[in-house]
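K.L.:
Give me a 3D structure for the following:
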Amino acid sequence: MRWIGAAAVSVLLGGCSLVGGSPEREPDAEPTTLTSYDAREAAVVRGPFCDRLSPTGVEHALGAVPEGGEQWENGDRVRLPDGTRDRVHEFGCRWTGEDGSVATAYLFVPPVTPRQARSLARDSVGAGCSTFAAQGFGRPNVATRCVDDEATTELTYRGLFGDAWVVCSLQAPGDPASLPTRASAWCVEVLEAARA
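P.N.:
A predicted model of the protein is given here:
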C-alpha cells in the first residue's frame with residue numbers, strides 16, 4: 001500500500017465547502033495556538049473532516065480569503081507530479097491564497113502504529129528541512145521547517161493521535177514573521193475539525 005502526501009494531490013475541486021460545525025470566531029479574536037491547546041487530549045477520527053474546518057481559521061492561516069481549494073477522500077485516484085496516477089488512502093484538503101500561501105491538512109485512513117509513526121516522522125525530514133518543537137502535536141510527532149529553491153517556507157506538524165496520523169502544514173512566500181503563529185493556529189483548527 002502506498003500512502004500519498006497531500007503535496008502529491010493535484011485534483012482541483014471548484015466548490016470546496018468551508019461550512020462546518022466549528023463555531024466561527026470574532027474577526028478580532030486571537031486564534032488558539034498549540035502552546036495554549038492540550039493536543040494530548042484530542043481524540044481524532046480517521047474520517048472526512050475538511051467540511052468542518054472553520055472558514056475563519058482557513059482565512060487566518062492564509063492571511064486572506066482563499067482563492068481556491070481542493071479536497072480528496074479515501075480511494076480517490078490522483079495524478080502525481082511525475083505524471084503517474086495513484087490511489088490515495090487519506091482524507092485531506094488544501095486552500096490557496098492570492099500571495100501563493102497554501103494551507104494543507106490530511107490524515108491517513110489506515111490505522112498507524114507508534115512504530116510506523118516514528119518511521120513516518122524520520123522520513124519527513126528531507127533536504128532543505130530542519131526540525132523544531134512539535135508543541136505536543138501527537139505522540140510520536142515531528143515538526144519541520146522546509147525552504148525550497150524559490151524561498152518558499154513551509155511549516156509542517158505531523159503526529160499520531162491514537163492510531164490516526166495527522167498532518168497539517170502552512171507554506172508562504174519568503175519567511176513571514178507571522179508564519180509560526182499562523183501554522184500553529186491552523187493545526188489547532190485541523191485537530192478541532194477531526195475530533196471525535
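K.L.:
thought Val45 was touching Leu191?
P.N.:
No: in this structure Val45 lies outside contact range of Leu191 using C-beta atoms under 8 Å: 11.1 Å. Where C-beta positions appear, they are placed from N, C-alpha and C, glycine not excepted.
K.L.:
Looking at these two, which one has more neighbours?
P.N.:
Under the criterion of other C-beta atoms under 10 Å, the comparison of Val45 against Leu191 puts Leu191 first, with 25 against 14.
K.L.:
Need the three-state assignment for that one.
P.N.:
Secondary structure state of Leu191, per DSSP: H, G, I helix; E, B strand; the rest coil, is helix.
K.L.:
Okay, and the beta partners of the spatially most central residue of the chain?
P.N.:
Centroid check for the chain by C-alpha atoms, centre = their mean gives Cys168 as the closest residue, at 1.9 Å. Cys168 forms beta bridges with Ala105, Tyr157, as assigned by DSSP bridges.
K.L.:
okay, Ala7: pLDDT?
P.N.:
With respect to pLDDT, Ala7 scores 38.
K.L.:
typo on my end, Asp175
P.N.:
89.
K.L.:
thinking again about what came up before, could you pull up the residues touching the residue nearest to the centre of the chain?
P.N.:
Contacts for Cys168 were tallied using C-beta atoms under 8 Å, 6 or more residues apart in numbering; they are Thr104, Ala105, Thr156, Tyr157, Ala183, Trp186, Cys187, Val190.
K.L.:
Can you lay out those as CSV showing distance to Arg145?
P.N.:
As requested, those are exported to CSV (distance: C-beta to C-beta, whole Å):
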residue, distance to Arg145
Thr104, 15
Ala105, 18
Thr156, 8
Tyr157, 11
Ala183, 9
Trp186, 14
Cys187, 14
Val190, 18
